[in-house]
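>>> Turn this into a model:
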Amino acid sequence: MKKVICIDAEKSGGLITENKEYEVIASDEMKDCFKITDDYGRKINVATWRFKDADIPKDIEKEKNLLKLSGKLWNEFISLPVEHQSELKEMEFFIHGIQGIISTRIARKQNPKIFPFKR
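All right, here's what the predicted structure looks like:
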């Protein structure tokens with residue numbers, strides 16, 4: 001059976017708990033929902049976007065390190081004397097682009113239904 005973890009329990013009325021693992025009873029990919037047993041033992045339909053797969057790999061350490069490195073790159077760069085009036089804006093733009101690419105990799109691993117990709 002597939003297991004999922006709730007990532008958004010805000011509007012559940014207390015029926016489900018955030019960060020808790022649930023077993024999927026049935027799913028309907030066309031409706032983007034599946035059925036779980038709530039915290040009170042009732043079978044309910046929930047939106048798939050409120051959950052992430054419980055078996056998603058947690059191997060994001062390299063991406064986290066790359067994000068830290070991009071921050072270090074920025075801090076080192078701004079410690080240099082300015083040689084051109086637009087270099088700080090340009091460096092900021094490109095570092096944000098790098099961080100966006102790295103963050104997207106993390107998002108794909110955490111919730112591939114929202115951020116799908118082909119291998």
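
>>> could you show me where the strands are in this protein, in order?
Counting by DSSP state E, one finds strands in the chain at the ranges 3-6, 21-28, 33-37, 43-47, 51-53.

>>> Deepest-packed of those, please.
Mean neighbours per residue, mean count of other CB atoms under 10 Å, is largest over those for strand 51-53, with a mean of 20. (Each C-beta comes from the backbone N, C-alpha and C, glycine too.)

>>> Average pLDDT for it, rounded please.
Averaged across strand 51-53, the pLDDT comes to 72.

>>> now stretch 106-115
Computed over stretch 106-115, the average pLDDT equals 79.

>>> Same question for stretch 12-30.
78.

>>> Could I get the buried residue list for the longest helix seen in the chain?
Criterion DSSP state H: the longest helix present in the chain is helix 87-110. Applying a neighbour-count criterion of 16 or more other CB atoms under 10 Å, one finds 102, 109-110 buried in helix 87-110.

>>> Show me which of those is closest to residue 49.
residue 110 (12.3 Å; CB to CB).

>>> before we move on, back to that, make a markdown table out of the strands of the chain and add distance to residue 97.
Rendered in a markdown table, the data for those read as follows (distance: least, CB to CB, whole Å):
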| stretch | distance to residue 97 |
| --- | --- |
| strand 3-6 | 30 |
| strand 21-28 | 35 |
| strand 33-37 | 35 |
| strand 43-47 | 31 |
| strand 51-53 | 26 |
